[in-house]
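# next comes the sequence, and after it the predicted model I'd like to discuss.
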Amino acid sequence: MRILRSLVCLAFALLYTGPVLAQSASAIPRNETLIVENPEGTIKNAGWFNIWATNAGGQSTGLHQLAMDTFWYIDPDHGLDGVWDNSLASEPPIYNDDFTEMTVKLRPGIFWSDGVEFTSDDVVFTTDTHLATNGLVRSAQHQLNVESIEAPDKYTVIYKLKAPNSRFHSLFTVRWNAAWIMPKHIFEGKDPLTFDFNPPVSLGAYTLHSYDPNGQWFTWQKREDWERTTLARFGEPGPKYVTYLDPGPPDKRVIAQLNHDLDVIHDTSPEGVFSLVKDSPTSKGWFPGFPYGHPDPTLPQVIFNHQNTKFQDRDVRWALALALDIKAISMASYRGAATLSAIAVPPTGTAPEYYHKPMLEWLNAFELDTGKQTIKPYDATIGTQIAEMLRPSVGDQIPSEPDAITAAFGTGWWKQDQQAAAELLERAGYTRQGNDWYMPDGQRFSISVMVEGEARPVMTRAGSMIAEQWRRFGIDATTDSAQAAFLTRRNGGDFETAISWSVETWGGHPDLSFFLDSWHSQFVKPAGEVQTPRNWSRWSNPDLDKIIEQIRAISFDDPQGVELGKEFVKLAVEEMPIIPLMSYNVFTMTDDTYWTGYPTAEDPYTNPVPNWANSRYMMVRLQAAE
């Protein structure tokens, strides 16, 4: 019989301050514990569990995955029982005819971990606290939308809105996270900005067992009354304990999983995945073979700063796109393990069924006038080309069925066409001297590509390759590694181009408002001011505004929403406000040594990436390997 190893036997214990770990975790059997990477790393203020206020605490420590809850969840993949899940709410949101009121029917029989029943009192308290308090994570969203809230009974709340909003429920709908409900009986009389909420009272199926004061690990224990939580509808969670920890850099994560001391790697390098596939028969990725990683509903892209005069001409933006070789970018960034997208929707979750595949005919027929010729720039075979490039070295790991190739590598991208790119620049008034391009004002055409640096190496490698390809085309392109200042500079508009994302979708649901509403021109800030998420390009277009306003006027599930989404896709193709690249493939690797039943592309019941709050659904499908 396998000897039960406690957490103190982990290879990680050598990295940490052993006595603290040993005192709290020595009684926890290894075969009852799921061990997960926390991508936040070591938490500075480990004892801060007030997720509603920011104070250097963590939230991917298991806090928002296992202890928090709210009205609804939308799975980024396909869900345990469909994409939409009524969690604390017993049914979907109920709007009045003009979308100025939203009624929520609450699920009865749900209890906080200290035995107090969850009721409408908690919801009203949460909303009133946000309306009265500036500086909470979601204060602004409440204050912008909510006029008042009332509770006719113990299990009903009615939100009175300041203006019609058919998507107000998205505030309480988890994609990665959402507005969580506060326990009134704990927070009442406390300052919500300074109260640490330690120990946290849980609405989820787990409650805090112990944590490292130095912030390196957090262990959660299944509640004895787990059946009084919303997750119980899907069965009993398998792991008795779940530990989220900082396993160190990618190479140490790989070593830990090779030693079966890390059940779920949040993300590692493509090289790390190749090592695990080669040396660990129990390690598995989302796909059974190449490209292994889970395609998140997030779209890495070349973000143009539209307040920079260099990028205000559509011809210039299209020229820059046609100067690129996406196959080389895929190889440089993901070593070929990228799921490509030529449109401004990530090729993940259900989006290929709603957008990428239905729009193939339109994309193949799309024509671009360069001023000297008309071309059809779309190439639906690029995914197959990448698969064939990789097959000699990767072999049977590369899928052979056309549908599997499409799922892994995408439905296509734009052909590299430097002649067409040159013709577009010339029509925009640019001139070429030798191989060097000059702008209409006579200045050398230069572009700075801002990348994140060591914190996101895959995207940094993509940016470096893009800059190199633009240099070969005759543009004075350089990379700018912003490191820790990346988000501040991106959000503040302090860049020319950046490799990041401004497109994030629900994943499982085809409605695009999760990102698209924020692209309305009403939210575009003047140069020098911080941009409201997520239109980091600060692109505005009257046709875009019309599409967004039409979406606002219909319900979330109205089929017309998909048709309007397609109109957005067409506009984004024609205008090329960003250059879409690929989905953000996360190399989450799971180990079957102690636990089986992880979600995969063959059984996509939820997102395996462990810092997503949706990953709570994974717990009810995990079974002990023995």
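Thanks, I have it. Computed from a prediction, not measured in an experiment: that's the story for all the values here.
# first to last residue in stretch 173-181, what's the distance?
One end of stretch 173-181 sits 12 Å from the other (Cα to Cα, to the nearest Å).
# pLDDT of that stretch, averaged?
When pLDDT is averaged along stretch 173-181, the result is 97.
# how far is it from where the chain is centred?
Stretch 173-181 sits 13 Å away from the centroid of its parent chain (Cα atoms, centre = their mean, to the nearest Å).
# ok, stretch 306-320 next?
27 Å.
# in that stretch, what's buried?
His306, Gln307, Asn308, Lys310, Phe311, Asp313, Asp315, Val316, Arg317, Trp318, Ala319, Leu320 (16 or more other Cβ atoms under 10 Å). Placement of C-beta: from N, CA and C, glycine included.
# any stretches of this protein with poor pLDDT?
Under the criterion pLDDT under 70, the flagged ranges of the chain are 1-26.
# any idea how far the nearest residue to Thr298 once chain neighbours are set aside lies from Thr505?
Closest residue to Thr298 apart from its sequence neighbours, by Cβ to Cβ, 6 or more residues apart in numbering: Tyr584 at 4.2 Å. Distance from Tyr584 to Thr505, counting by Cβ to Cβ, to the nearest Å: 12 Å.
# who touches both of those two?
Common neighbours of Tyr584 and Thr505 (criterion: Cβ atoms under 8 Å, 6 or more residues apart in numbering): Thr298, Pro346.
# the more surrounded of the two?
Comparing Tyr584 with Thr505 by neighbour count (other Cβ atoms under 10 Å), the higher total belongs to Thr505, at 30 against 26.
# so what's the residue count around the residue nearest to the more buried one when sequence neighbours are not counted?
Ranked by Cβ to Cβ, 6+ apart and with sequence neighbours excluded, the top spatial neighbour of Thr505 is Pro297, at 4.5 Å. Pro297 has 28 neighbouring residues, counting by other Cβ under 10 Å.
# right, and Pro297 touches Glu504 too?
Yes: if you go by Cβ atoms under 8 Å, Pro297 and Glu504 touch, sitting 6.3 Å apart.
# send over the lengthiest strand in the chain as CSV, restricted to the C-alpha atoms.
In the chain, with assignment by DSSP state E, the single longest strand is strand 146-153. This file holds the C-alpha atoms of strand 146-153, laid out as CSV (Å, rounded to 0.1, in the frame of the first residue of the first chain):
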residue,chain,number,x,y,z
VAL,A,146,-27.6,51.1,-9.0
GLU,A,147,-30.2,53.6,-7.8
SER,A,148,-31.4,51.4,-5.0
ILE,A,149,-32.1,47.8,-3.9
GLU,A,150,-34.9,46.3,-2.0
ALA,A,151,-35.8,42.9,-0.6
PRO,A,152,-39.5,42.0,-0.7
ASP,A,153,-38.8,38.8,1.1
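# for the remainder of this discussion, apply numbering that starts at 608.
Okay, using 608 as the starting number, the last item reads as strand 753-760.
# helices or strands up against it?
helix 727-739, strand 763-768 (3 or more Cβ pairs under 8 Å, 6 or more residues apart in numbering; DSSP states H and E).
# ok so Tyr680 is a strand residue?
Yes: assessed with DSSP: H, G, I helix; E, B strand; the rest coil, Tyr680 lies in a strand.
# what's near enough to touch it?
Trp691, Asp692, Ser694, Thr780, Val781, Ala1220, Asn1221, Tyr1224.
# just to revisit the earlier point, what is the nearest of the buried residues of stretch 913-927 to Arg1039?
The closest of the buried residues of stretch 913-927 to Arg1039 turns out to be Ala926 (Cβ to Cβ; 11.7 Å).
# give me the contacts around the strand or helix carrying the closest one.
In this assignment (DSSP states H and E), Ala926 forms part of helix 921-929. Residues external to helix 921-929 that are found in contact with it (Cβ under 8 Å, 6+ apart): 909, 911, 917-918, 975, 984, 1021-1025, 1027-1029, 1031-1032, 1034-1035, 1037, 1054, 1077, 1181-1184, 1186.
# recalculate using a threshold of 7 Å.
911, 917-918, 975, 984, 1021, 1023-1024, 1027-1028, 1031-1032, 1034-1035, 1077, 1182-1183, 1186 (Cβ atoms under 7 Å, 6 or more residues apart in numbering).
# repeat for stretch 976-986
Applying Cβ under 7 Å, 6+ apart, the contact partners of stretch 976-986 are 929, 949, 970-971, 973-975, 1019-1022, 1024, 1027, 1030-1031, 1034.
# just to revisit the earlier point, after the helix holding Ala926 comes which helix or strand?
helix 933-941.
# who does that following helix touch, helix- and strand-wise?
Under the contact definition 3 or more Cβ pairs under 7 Å, 6 or more residues apart in numbering; DSSP states H and E, helix 933-941 sits against helix 989-1001, helix 1064-1079.
# again, only using 6 Å
helix 1064-1079 (3 or more Cβ pairs under 6 Å, 6 or more residues apart in numbering; DSSP states H and E).
# could you say what helices and strands the helix it packs on packs with?
In terms of contacts (3+ Cβ pairs under 6 Å, 6+ apart), helix 1064-1079 is packed against helix 933-941, strand 1053-1058, strand 1083-1088, strand 1104-1107.
# and the gap between Phe841 and Leu687?
5 Å.
# go on, Pro888?
Using Cβ to Cβ, we find Pro888 at a distance of 28 Å from Leu687.
# of these two, which one has the most company?
Set side by side, Pro888 and Leu687 show more neighbours around Leu687, with 19 against 10, by other Cβ under 10 Å.
# looking at this, the more buried one is in a strand?
No: under three-state DSSP, Leu687 sits outside any strand and is assigned coil.
# quick one, what contacts it?
Residues in contact with Leu687, defined by Cβ atoms under 6 Å, 6 or more residues apart in numbering, are Phe841, Tyr1212, Tyr1224.
# how about the last one: what's its closest non-neighbour residue?
Read that as Tyr1224. Of all residues not flanking Tyr1224 in the chain, Thr1213 sits nearest, at 4.2 Å (Cβ to Cβ, 6+ apart).
# tell me the secondary structure at that neighbour.
Under three-state DSSP, Thr1213 comes out as coil.
# with Ser882 instead?
helix.
# same deal with His792?
The three-state label given to His792 by three-state DSSP is helix.
# the nearest residue to it once chain neighbours are set aside and Val1176, how far apart?
Nearest residue to His792, sequence neighbours excluded (Cβ to Cβ, 6+ apart): Val723, at 5.3 Å. Val723 is 47 Å from Val1176, where distance means Cβ to Cβ.
# more neighbours: the two, which one.
Val1176 (22 against 15).
# host element of the more buried one?
In the assignment (DSSP H and E), Val1176 maps to helix 1167-1182.
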